[in-house]
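In: Got a predicted structure here, sequence first:
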Amino acid sequence: MKKSLLALAVLGAFAGTAAAQSSVTIYGLVDMSVAKRNDCAPCAINPGAPGTTAWTMQHSSQSRLGFRGNEDLGGGLSAQFQIEHRFNPDDGSLVNGNAFWQGRSYVQLTSAAAGSVYLGREYTPAFWVQLKSDPFGNDGVGQTGVGINWAGYQTPSPTGNGARSSNTVGYKTPNLGGLTANVAVSLAESNGQGRGLGFNAEYAAGPIYAGLGYEKITDGTFDGQGVVNVAFHYDLGFVKPMVYFAKSKTGTNGDVSNKVVLLSASAPLGNGVLKFGFSKVSYDAGYDAHKKVGLGYNYNLSKRTNLYFDLGSATGRAATGVEGERSTAYAIGGRHTF
């Protein structure tokens, strides 16, 4: 009897240890705002702005529900996964009707010494350089948006073009004194996606951030298209100025070259953060330059909840390809993360 009790105690101890080595985290974000846009026809491209002049309920950040897990395999090895669902909280519909796990869905094996290998759907390496340089985080009416910050290029994907690549195999280096690198290849499982190759190199230490990204598509509908981008930030404490530049290849076989410059900054103010951005896109196809100014303020009610007011005004090219009228939009909303 004593031996049986001892055996059960030992097994219980091992079970507790195994459980402590594995974890799953549920996380999410719910965001809703009321937005308004001026009357313009055709309107200049204004990412985040409502599609009509009517008062519109919309998100700034895409609402999401996600799961991420980690298991310690011992010997410096660990395994991770992440799946993330995006939805519209005003009516409960999918952000993208073609994919339930629209956000991110990948499995990863990590070595503390050698880095990480991942497979699935993930942000492209070049996108990280762009995302970190927009103080709006590509969210809301103040954002300049992927299409602008990548100078008209967007990563092709069978579940909607944007900033993520599906069917991807990627590798991330460990952090080497602030320097990291990421390379990824997306497989050409569909003609609409093609085969993508991307990489980045980033340095982040103290107040300095510097990033370089590259992406190119071969085969398929988007053959020859791609982007190169660079960024530099310096956090002065009272304000963080950021400079970003990108050059894209779009059009048939990548025969159109566009450029974009983004000057932005964020600054702590009271119990929140003030955000500013100015972008200018120069087109190779004879259009006048596209310009957008974004201004916003996030007021923190807690670490997880904030209220925000964003304003964005754009001039230049319309979505139809002709010159558009000035488009100005503003939004007032709230955001909660968990």
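Out: Thanks, I have the structure now.

In: in the host helix or strand of Lys291, what's buried?
Out: Element membership for Lys291, per DSSP states H and E: strand 290-300. Judged by neighbour count (16 or more other CB atoms under 10 Å), strand 290-300 contains these buried residues: 290-298. From N, CA and C alone the C-beta is placed, and that goes for glycine too.

In: do stretch 119-133 as well
Out: Applying 16+ other CB under 10 Å to stretch 119-133 flags 120-133 as buried.

In: Over to stretch 170-188?
Out: 170-172, 180-186, 188.

In: if we can go back for a sec, make a markdown table out of the buried residues of strand 290-300 and add distance to Leu212.
Out: A markdown table is the format used below for the buried residues of strand 290-300 (distance: CB to CB, whole Å):
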| residue | distance to Leu212 |
| --- | --- |
| His290 | 24 |
| Lys291 | 25 |
| Lys292 | 24 |
| Val293 | 26 |
| Gly294 | 24 |
| Leu295 | 28 |
| Gly296 | 27 |
| Tyr297 | 31 |
| Asn298 | 29 |
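
In: Out of those residues, which comes closest to Gly140?
Out: Set against Gly140, the nearest of these by CB to CB is Gly296 (6.7 Å).

In: And the residue nearest the centre of the chain?
Out: Leu131 (5.3 Å; CA atoms, centre = their mean).

In: Would you confirm that that residue contacts Asn138?
Out: Yes: using CB atoms under 8 Å, Leu131 is in contact with Asn138, at 6.1 Å.

In: Among the buried residues of stretch 170-188, which one lies nearest to Gly162?
Out: Nearest to Gly162, judged by CB to CB, of these is Ser186 at 13.0 Å.

In: Flag the shaky bits of the stretch 51-200 of the chain, pLDDT-wise.
Out: Residues of the stretch 51-200 of the chain that meet the criterion pLDDT under 70 lie in 97-98, 158-161, 190-192.

In: now the strands for it?
Out: 56-58, 63-74, 77-87, 105-111, 115-123, 164-172, 179-186, 195-205 (DSSP state E, counting those that start in this stretch).

In: related to what we said a few turns ago, joint contacts of Leu131 and Asn138?
Out: Counting by CB atoms under 8 Å, 6 or more residues apart in numbering, the common neighbours of Leu131 and Asn138 are Ala163.

In: residues in contact with Val185?
Out: 168-170, 195-198.

In: Highest neighbour count among those?
Out: Using other CB atoms under 10 Å as the neighbour criterion, Gly196 leads the contacts of Val185 with 27 neighbours.

In: Who are the contact partners of it?
Out: Contacts for Gly196 (CB under 8 Å, 6+ apart) come out as 124, 155-156, 165, 168, 184-186, 215-218.

In: mind running it again at 10 Å?
Out: 124, 155-157, 165-168, 184-188, 215-220, 222, 225-226 (CB atoms under 10 Å, 6 or more residues apart in numbering).

In: okay, the buried residues of stretch 119-133 in CSV with distance to Gly48 next?
Out: Below are these laid out as CSV (distance: CB to CB, whole Å):
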residue, distance to Gly48
Gly120, 28
Arg121, 23
Glu122, 23
Tyr123, 19
Thr124, 21
Pro125, 24
Ala126, 21
Phe127, 17
Trp128, 20
Val129, 20
Gln130, 15
Leu131, 15
Lys132, 18
Ser133, 16
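
In: now, among the residues you listed, which is nearest to Gly333?
Out: Leu131 (20.1 Å).

In: looking at it, the closest one is touching Asn149, isn't it?
Out: Yes: between Leu131 and Asn149 there is a contact under CB atoms under 10 Å: 8.6 Å.

In: list residues touching both of those two?
Out: Listed as contacting both Leu131 and Asn149 by CB under 10 Å, 6+ apart are 138, 163, 231.

In: How about the contacts made by the last one?
Out: Okay, so that is Ala231. Applying CB under 10 Å, 6+ apart, the residues near Ala231 are 128-134, 149, 202, 209-213, 242-246, 262, 264.

In: From the residues you listed, list the buried ones, please.
Out: Buried by 16+ other CB under 10 Å: 128-134, 149, 202, 209-213, 242, 244-246, 262, 264, out of the contacts of Ala231.
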